[in-house]
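Mind looking at a prediction? Sequence and model below.
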Amino acid sequence: MELILDGLRKAFWLLVTMDPEVFGITLLSLKVSGLATLISTVVGISLGALVALARFPGKRIVVGLVNTGMGLPPVVVGLFVSILLWRSGPLGFLGMLYTPAAMVVAQAVIATPIVMGISIAALQQLPQKLTLQVLALGATKPQLARILTKEARLPLLAAVMAGFGGVISEVGASIMVGGNIKGYSRVLTTATVMETGRGNFETAIALGVILLLLAYAVNLVLTHIQQRERPR
Amino acid sequence: MSAPAAVIEGKGLSVERGGALTLDVPYIDVREGEVLSLIGPNGAGKTTLLQTVAHLVPFAGEIFFRGRRVGSDYPVLAYRRSLAMVFQEPLLFDATVFENAASGLKIRGLKKAAIREAVTEALGRFGIMGLKDRSARSLSGGEAQRTSLARAFAVRPEVMLLDEPFSSLDPMSREPLIEDMEAAVRTTGTTTVLVTHDLMEALRLSDRIAVMYGGRILQAGPAEEVMNAPADEFVASFVGAGTLLKGQVNGAKGDDVAVITVAGRQIEAAGRIARGERVTLYIRPENVTLSIPDGGAAEGPQVTSARNVIPGVVTRVASMGFYQKVSLDCGFPLVSYITGESREALSVAEGRRLTVSFKATAVHVIKKS
């Protein structure tokens, strides 16, 4: 119990004093996961809209694969991104391995199926006749996608929240492709793992609390937008 | 007088779903300025035909718009933008009433001033200008359907397609909306295709009726033709093979009975209708009673609650299974359904003179705009 209280006290202290190292780690976490979420939002919603609105053979198989992808194990993603970016790998010439950019790529790969899967569900739950109504209003296909995406904006915000939640909390891929290099690619999750391994539980708890606060703050903003937009 | 030119023609239209043919219409035309009603029971293919005509569902066949084949001589998008469609559900967007009504115009890329002008006119037409800033999610069923109609009329379509737009409304919202819609269609002269399973609604609003069943059009023509000369037993049973008569109100008896002149004869109908108004009367055959002239003379003149007692001559008798269909000439055509027993008792045969009676409340008055 004492250990936890000490951890909470330390977290409070680190936050109040704006500890430069913790501040840097937090900022990097936000940057990496924020950018990965942004990429997955653009890619996931676009591909989700394409899959949800287009008619093609094997659509159910594709949706099934996307839904499976929502539960991609981060370590598996980390493994494949590592192989791709490895010096002798197909994308080794980019020199991205053990950089924050590699972490963004890995996290985007994790978040995209989450955003895409929820986007497909969000668009498919719209009344089927709404698509016909929009087409009957004279919409082109891009206009149709835009209008329906706008109509599904509340569940789509939930997709973004789920995507962010999935990456801000993952550790396996980040540690594998980022390397947890101090002052360069160390983020809250990888730092927490490292401090726990060293037996520095106070610091690990403090980092965990900061991670929770960060996730809560971001989701609070998104929830605020979602609730403001809620149908009256 | 030749028929107005066809705005839309459909040739060899068919739709297959799950291996079954749900639509099979060799030919359909929608003529300039007319209101064409597609009527039939649920599952008859009315909505499928409307959506096919709107080029919204995959189908086989050809659609021509003002003589040009849609998809080859005329782009599908331009064709769709010549139409407007209202569904049974309002299908409004999560936006204000104004934004909803403006959506079709925004899609067409119109300038703000033009949008404002057209939307203001459309909202005014349906009496919802006061709701323009309200969220569509907060509207009642009637208000929402008014918004949907305003959205459709705002684009000033060449052809309006209406898919049972009144069927989900309560009677209080329904009647005024039908009146407003009818006024909008007539004043703008918009060519309209209306899907409905309500015969009275079709009779009231349409110039022509197409009766559908099993994905096919069984009969299409002016309402009088379909009602008085049904093409087959299904059409007869669906439309009730009632008689439609054109007439003019020339007086009243008391406060609640109108006297209407039809082919020189006076027919009394329940209701208050202004003198001089042209109307169409609809009389269902099961409400027409036949008797032998002076059949009750031995007991003195008959006193009856039927306000209409007129002589008629039998022109045709046809067995319809459980009942007999008797066509009469009363100065105008009239149809009566009787049993086989009554046929024998009255010795009903072609040329037989009979007394025909029906109550004023059995006469349905259709006011034609």
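Noted; the coordinates are in hand.

Give me the pLDDT value at the closest residue to residue B:196 other than its chain neighbours.
Of all residues not flanking residue B:196 in the chain, residue B:202 sits nearest, at 5.3 Å (Cβ to Cβ, 6 or more residues apart in numbering or on different chains). Backbone N, C-alpha and C define where each C-beta goes, glycine included. pLDDT for residue B:202: 89.

and the gap between residue B:202 and chain A?
22 Å (Cβ to the nearest Cβ, to the nearest Å).

which residues does that residue contact?
B:37, B:39, B:194, B:196, B:209, B:223 (Cβ atoms under 8 Å, 6 or more residues apart in numbering or on different chains).

okay but the first one is in contact with residue B:194, surely?
Yes - the pair formed by residue B:37 and residue B:194 meets the contact definition of Cβ atoms under 8 Å, at 4.7 Å.

Looking at the contacts of residue B:202, spot the one nearest chain A.
residue B:194 (15.2 Å; Cβ to the nearest Cβ).

Give me the contact list for the helix or strand where the closest one lies.
Assessed by DSSP states H and E, residue B:194 sits inside strand B:191-196. Residues outside strand B:191-196 that contact it (Cβ under 8 Å, 6+ apart) are B:7, B:30-39, B:46-47, B:49-50, B:53, B:158-164, B:166-167, B:185, B:201-202, B:205-206.

go on, stretch B:122-137?
Under Cβ under 8 Å, 6+ apart, the answer for stretch B:122-137 is A:231-232, B:90, B:92-98, B:100-101, B:119-120, B:139, B:143-144, B:146-147, B:149-151, B:153-154, B:177, B:180, B:183-184.

for the helix or strand just after the strand holding residue B:194, which positions count as buried?
Downstream of strand B:191-196, the first helix or strand assigned by DSSP H and E is helix B:199-205. For helix B:199-205, the buried set under the neighbour-count rule, 16 or more other Cβ atoms under 10 Å in any protein chain shown, comprises B:199, B:201-205.

ditto for stretch B:113-120
B:115, B:118-119.

what do you get for stretch B:17-37?
Result for stretch B:17-37 [16+ other Cβ under 10 Å]: buried residues B:22-25, B:28-31, B:34-37.

What of stretch A:7-18?
A:7, A:10-11, A:14-15.

Do I have it right that residue A:176 meets residue A:76?
No - Residue A:176 lies out of contact with residue A:76 (Cβ under 8 Å); the separation is 10.0 Å.

Near chain A, which residues of the stretch 101-250 of chain B are found?
B:103-104, B:107-108, B:135, B:137-138, B:151, B:155, B:161 (Cβ under 8 Å from any Cβ of the partner chain).

Next one: residue A:9 from residue A:213, what distance?
Shown here: residue A:9 relative to residue A:213, a distance of 15 Å by Cβ to Cβ, to the nearest Å.

now residue A:139
For residue A:139 relative to residue A:213 (Cβ to Cβ), the value is 43 Å.

between those two, which one's more packed in?
Ranked by neighbour count (other Cβ atoms under 10 Å in any protein chain shown), residue A:139 and residue A:213 place residue A:139 first, with 24 against 13.

That one: what's it in contact with?
Per Cβ under 8 Å, 6+ apart, neighbours of residue A:139: A:147, B:107.

Give me the phi and psi for it.
phi -80, psi 140 (degrees, to the nearest 10).

start to end distance for stretch A:83-100?
End-to-end distance for stretch A:83-100: 16 Å, by Cα to Cα, to the nearest Å.

now that stretch: mean pLDDT?
94.

What of stretch B:164-177?
Stretch B:164-177 comes out at a mean pLDDT of 88.

Mind listing what's buried along it?
So stretch B:164-177, judged by 16+ other Cβ under 10 Å, has buried residues B:164-166, B:168-169, B:173-174, B:177.

Please render those as TSV that adds secondary structure to the earlier fields.
Below are these laid out as TSV (DSSP: H, G, I helix; E, B strand; the rest coil):
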residue	secondary structure
B:164	coil
B:165	coil
B:166	coil
B:168	coil
B:169	coil
B:173	helix
B:174	helix
B:177	helix
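
what's the most distant pair in these?
Taking Cβ to Cβ as the measure, these span a maximum distance of 14.4 Å, between B:164 and B:173.

and chain A, which residues reach chain B?
Going by Cβ under 8 Å from any Cβ, the residues of chain A near chain B are A:127, A:129-130, A:132-133, A:135-140, A:143, A:147, A:150-151, A:231-232.

Pull out the buried members of those.
A:129-130, A:132-133, A:135-139, A:143, A:147, A:151.

Mind checking which of those land in helices?
A:129-130, A:132-133, A:135-136, A:143, A:147, A:151 (DSSP state H).

Residue B:360: which of those residues is nearest?
The closest of these, once distances to residue B:360 are taken by Cβ to Cβ, is residue A:129, at 43.3 Å.

how about the strands in chain A?
Shown for chain A, no strands are assigned by DSSP state E.

what about the longest helix in it?
Chain A, longest helix under DSSP H: helix A:20-53.

Who are the packing partners of that one?
helix A:59-69, helix A:100-124, helix A:141-151, helix A:153-168, helix A:188-198, helix A:201-228 (3 or more Cβ pairs under 8 Å, 6 or more residues apart in numbering or on different chains; DSSP states H and E).

hey, which of the ones you listed is tucked in deepest?
helix A:100-124 (a mean of 26; mean count of other Cβ atoms under 10 Å in any protein chain shown).

Who are the packing partners of that one?
Using 3+ Cβ pairs under 8 Å, 6+ apart, helix A:100-124 is in contact with helix A:20-53, helix A:59-69, helix A:74-85, helix A:153-168, helix A:172-178.

tell me the secondary structure for the residue nearest to residue B:66 when sequence neighbours are not counted?
Once flanking residues are discounted, residue B:66 sits nearest to residue B:7: 6.2 Å by Cβ to Cβ, 6+ apart. At residue B:7 the chain is in strand, as set by three-state DSSP.

okay, now residue B:7: neighbour count?
Neighbours of residue B:7 (other Cβ under 10 Å): 21.

How about the one 4 residues further on?
In terms of burial, residue B:11 registers 14 neighbours under the definition other Cβ under 10 Å.

Identify the bridge partners of it.
Beta-bridge partners for residue B:11, by DSSP bridges, are residue B:27, residue B:62.
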